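**Q** sequence first, predicted model second:
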Amino acid sequence: MNQPVIVYILVLAIILTIAAKVRVRLQLSRAKHGSLRGHSKWSRRMARLVPFFSYDDHVFFVSDGAPDNVGQQRRQALATLEAAIKQQCPLTLAQCEKLESSVSDVQFTSQYRIPFPYRNGLPQCFRLGSIADETNGSKIKDLDGNWRYDLSGSYGVNVFGYDFYKECMQEGINQTKQLGPVLGTYHPLITENVEMIKRISGLDEVSFHMSGTEAVMQAVRLARYHTGKSHLVRFCGAYHGWWDGVQPGVGNTRVTHDVYTLADESEHSLKILATRNDIACVLINPLQAFHPNNDAPADTGLIASERSTGFNKAQYSRWLNRIREVCTKRNIVLIFDEVFSGFRLGYRGAQGFYGIQADMVTYGKTLGGGLPIGVVTGTHQLMKRFKAGQPANVSLARGTFNSHPYVMGAMNVFLKRIQTAEVQTQYEQSEDLWNNRVMHFNQRLQAEKLPLKISNIHSILSVSYTLPSRYNWMLQFYLKNHGIELSWTGTGRLIMSFSFTDEAFNEVVECFVSAAQQMQQDSWWWQSPQLTNKAIKRQFLSDMLTAKFPSIAGLLPRPLLAAKQPSSAGLKINDQNNLTKAG
């Protein structure tokens, strides 16, 4: 064979190799969601480019193009609300202020309750969190004696109501107090706990950890260890804890190269699962059925009125069944992350709710009976941490506080209680119960002609806004003033416990209606033909570009503020951590 022929063959081989890699890469690109959420690396890059800016004292109240008299009405309303909260909660606010400079979590949440351009104009009392010293049923009391209905749900822990967990904790401590904090040595209650968790999960073995994030870390590590494959698949928008291995985009400073973020409910995603040989596991957060391909809704993202949530159980069940089928065929470990949803959607959690058996399941939050816990369950094969024929080939996972006796005690009481006939009946009725409650909720809102709509997945609710507005985030503060306690994410996720009676739920509805009516009367939902969601987003983009490139301010469209001020006026731009007036 002469030299030219060899060269041609080599060139052809190189071209075919490159073409094959391009084809594979295009397949992966098609399987990603089209938003920045679906492209982790790009989302990180873009996040660094977003400049901080804030609206000045005037534009804060008229950023939607409202006339000055409406802005003045809003200004007075905010001052009235501020005075009311300061009068209601002086001790609580004073205690929160002491914490803000010393507790990093408080610093973070105080900055991310509302869209950032309004942050500096919001009175300090609205930014602070809550401190409570007592709970009772479905209510929580702050240091000033104000009782509010709790819709924060303790971030998912509170499924059955606070009294339920206080009893679990007390009975659990009574069973284990003679041992005290002995660690490493097991309390005998662990045997009962393991057997009950195995029955619930439908799996063979259990390991205990200290948090849901830690449980997910261990499940993923074991999946990689036993499959010998490198990558995990998560779906766009899904949260699996703050570990950088499952949070590859914004919020994680370390670049990860072994995570595929694919589009939920996508044929292209199924094709990736069916054709790639490097996928060790698929992580499923069952709550993504409520907002596929979107992050969990929070008021910090309420730029306009485009929050969208909705749940189709039959459709998502079919999707999960198809994932189950392809995972079985391709030796991919299917992991259900039930840290949040476990024991809320049903006795067997999302596995029972959707009718899917996973290969591994992670639990946390409520399973501890009111105390911290993370649990991994799986088959015998997947849970083994060593290779019998390779004594140095291990997958190490230990933890000092794993299986803490007091946690085992509270868990034991919890697991026994949810097996009672009373709770099992509650489980059987709860899905229809919460759907009917939400239907009534929406009927009340419609009857009062309020621009709100409630959607739900079981007992987790979310508020959507039916009119274009830049001020939907104000509702959370009116709700607090009317007796509703929310988490720092605001109206995006209302987590209600099973302890809510029909009477208590109806009272929550009336609190909501009263709060929304006051907000409406205070003109935060003022409307004009120019005020559309598209115009709001264009205005926000214009303001952001003006903050980044002040020299082009006059060239940018200002669909809502053009008639009110010169192009760059009204913005305060972050310049080396100092806020300076632009224009």
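**A** Sure, I can see it.
**Q** please count neighbours and contacts with C-alpha atoms only from this point.
**A** Fine.
**Q** where along the stretch 151-300 of the chain do the helices fall?
**A** Using DSSP state H, counting those that start in this stretch, the helices of the stretch 151-300 of the chain run over 162-176, 189-201, 212-227, 267-275.
**Q** so which bits of the shortest one are buried?
**A** By that I understand helix 267-275. Across helix 267-275, burial judged by 16 or more other Cα atoms under 10 Å covers 268-270, 272-274.
**Q** now swap in stretch 395-407 and tell me
**A** 395, 401-407.
**Q** export these to CSV and tack on pLDDT?
**A** Output for the buried residues of stretch 395-407, formatted as CSV (pLDDT from 0 to 100):
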residue, pLDDT
Ser395, 89
Phe401, 80
Asn402, 88
Ser403, 91
His404, 94
Pro405, 95
Tyr406, 96
Val407, 96
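**Q** TSV for those residues, including secondary structure and distance to Pro529?
**A** Shown next, in TSV, are the buried residues of stretch 395-407 (DSSP: H, G, I helix; E, B strand; the rest coil; distance: Cα to Cα, whole Å):
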residue	secondary structure	distance to Pro529
Ser395	coil	62
Phe401	coil	59
Asn402	coil	59
Ser403	coil	60
His404	coil	61
Pro405	helix	63
Tyr406	helix	60
Val407	helix	57
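**Q** check the residues you listed against Phe53 and report the nearest one.
**A** Of all the buried residues of stretch 395-407, Phe53 sits closest to Phe401, with 43.9 Å by Cα to Cα.
**Q** thought that closest one was touching Leu183?
**A** Yes: counting by Cα atoms under 8 Å, Leu183 is a contact partner of Phe401 at 6.5 Å.
**Q** if we can go back for a sec, farthest-apart pair in the buried residues of stretch 395-407, please.
**A** Within these, Ser395 and Tyr406 form the most distant pair, 27.5 Å apart (Cα to Cα).
**Q** report the distance from stretch 369-378 to the chain centre.
**A** 19 Å (Cα atoms, centre = their mean, to the nearest Å).
**Q** nope, stretch 92-106 is what I was after
**A** Per Cα atoms, centre = their mean, the centroid offset for stretch 92-106 relative to its chain is 23 Å.
**Q** give me the contacts around it.
**A** Residues from elsewhere that reach stretch 92-106 (Cα atoms under 8 Å, 6 or more residues apart in numbering): 86, 107, 125, 128-131, 142-144.
**Q** could I get those residues as TSV with pLDDT?
**A** What follows is the contacts of stretch 92-106, written out as TSV (pLDDT from 0 to 100):
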residue	pLDDT
Lys86	94
Gln107	88
Cys125	91
Leu128	87
Gly129	84
Ser130	87
Ile131	92
Asp142	95
Leu143	95
Asp144	96
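**Q** ok, the residues you listed vs Gly241, which is closest?
**A** Distances from Gly241 to these, taken by Cα to Cα, are shortest for Gln107, at 19.8 Å.
**Q** residues contacting Leu78?
**A** By Cα under 8 Å, 6+ apart, the contact list for Leu78 is empty.
**Q** in the helix or strand where it lies, what's buried?
**A** Using DSSP states H and E, Leu78 sits within helix 68-88. For helix 68-88, a neighbour-count test (16+ other Cα under 10 Å) marks 70-71, 73-75, 77-78, 81-82, 85-86, 88 as buried.
**Q** possible to save those residues as a markdown table with distance to Asp278?
**A** Shown next, in a markdown table, are those (distance: Cα to Cα, whole Å):
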| residue | distance to Asp278 |
| --- | --- |
| Val70 | 58 |
| Gly71 | 57 |
| Gln73 | 60 |
| Arg74 | 56 |
| Arg75 | 57 |
| Ala77 | 57 |
| Leu78 | 55 |
| Leu81 | 56 |
| Glu82 | 55 |
| Ile85 | 55 |
| Lys86 | 57 |
| Gln88 | 57 |
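**Q** if we can go back for a sec, among the contacts of stretch 92-106, who's most crowded?
**A** Among the contacts of stretch 92-106, the one with the most neighbours (other Cα atoms under 10 Å) is Leu128, at 23 neighbours.
**Q** wait, that residue sits on Tyr112?
**A** No: with contact defined as Cα under 8 Å, Leu128 does not reach Tyr112; the gap is 10.5 Å.
**Q** number of residues surrounding Gln390?
**A** 8.
**Q** who's it bridged to?
**A** Counting by DSSP bridges, Gln390 is bridged to Lys387.
**Q** from Gly355, how far out is the closest residue to Ile356 other than its chain neighbours?
**A** Excluding the flanking residues, the one nearest Ile356 by Cα to Cα, 6 or more residues apart in numbering is Asn321, at 6.7 Å. Distance, Asn321 to Gly355, by Cα to Cα, to the nearest Å: 8 Å.
**Q** one more: Ile457?
**A** Ile457 sits 16 Å away from Gly355, going by Cα to Cα.
**Q** the two: which has the busier surroundings?
**A** A count of neighbours by other Cα under 10 Å puts Ile457 above the other of Ile457 and Gly355, at 21 against 14.
**Q** pop out the phi and psi values for the more buried one.
**A** Per-residue torsions, Ile457: phi -120, psi 100 (degrees, to the nearest 10).
**Q** correct me, but it touches Phe311?
**A** Yes: look at Ile457 against Phe311 with Cα under 8 Å: they come within range, at 6.1 Å.
**Q** so for the two, which residues contact both of them?
**A** Listed as contacting both Ile457 and Phe311 by Cα under 8 Å, 6+ apart are Phe290.
**Q** got any ranges where the chain has weak pLDDT?
**A** Along the chain, the model assigns pLDDT under 70 to residues 1, 5, 7, 12, 16-22, 24, 563-571, 573-583.
**Q** which residue ranges of the stretch 201-350 of the chain form strands?
**A** Along the stretch 201-350 of the chain, the segments classed as strands by DSSP state E, counting those that start in this stretch run 205-209, 231-235, 259-262, 279-284, 333-338.
**Q** could you export those as CSV, including mean neighbour count?
**A** Listed next are these as CSV, based on neighbours: other Cα atoms under 10 Å:
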stretch, mean neighbour count
strand 205-209, 22
strand 231-235, 23
strand 259-262, 24
strand 279-284, 25
strand 333-338, 26
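**Q** figure out which of those is closest to Leu541.
**A** Comparing the strands of the stretch 201-350 of the chain against Leu541 with Cα to Cα, the closest turns out to be strand 259-262 (26.3 Å).
**Q** and the most centrally placed residue in the chain, its phi and psi?
**A** By Cα atoms, centre = their mean, the mean C-alpha position of the chain lies nearest to Ala296, the distance being 4.0 Å. In terms of degrees, to the nearest 10, the main-chain angles of Ala296 are phi -60, psi 130.
**Q** now it: how far from Leu151?
**A** Taken as Cα to Cα, the span from Ala296 to Leu151 is 16 Å.
**Q** the residue nearest to Gly342 when sequence neighbours are not counted: neighbouring residues, count only.
**A** If the residues on either side of it in the chain are set aside, Gly342 comes closest to Gly349, at 4.4 Å by Cα to Cα, 6+ apart. Other residues near Gly349 number 22, with proximity taken as other Cα under 10 Å.
**Q** surely Gly349 and Glu338 touch.
**A** Yes: counting by Cα under 8 Å, Gly349 touches Glu338, with 7.2 Å between them.
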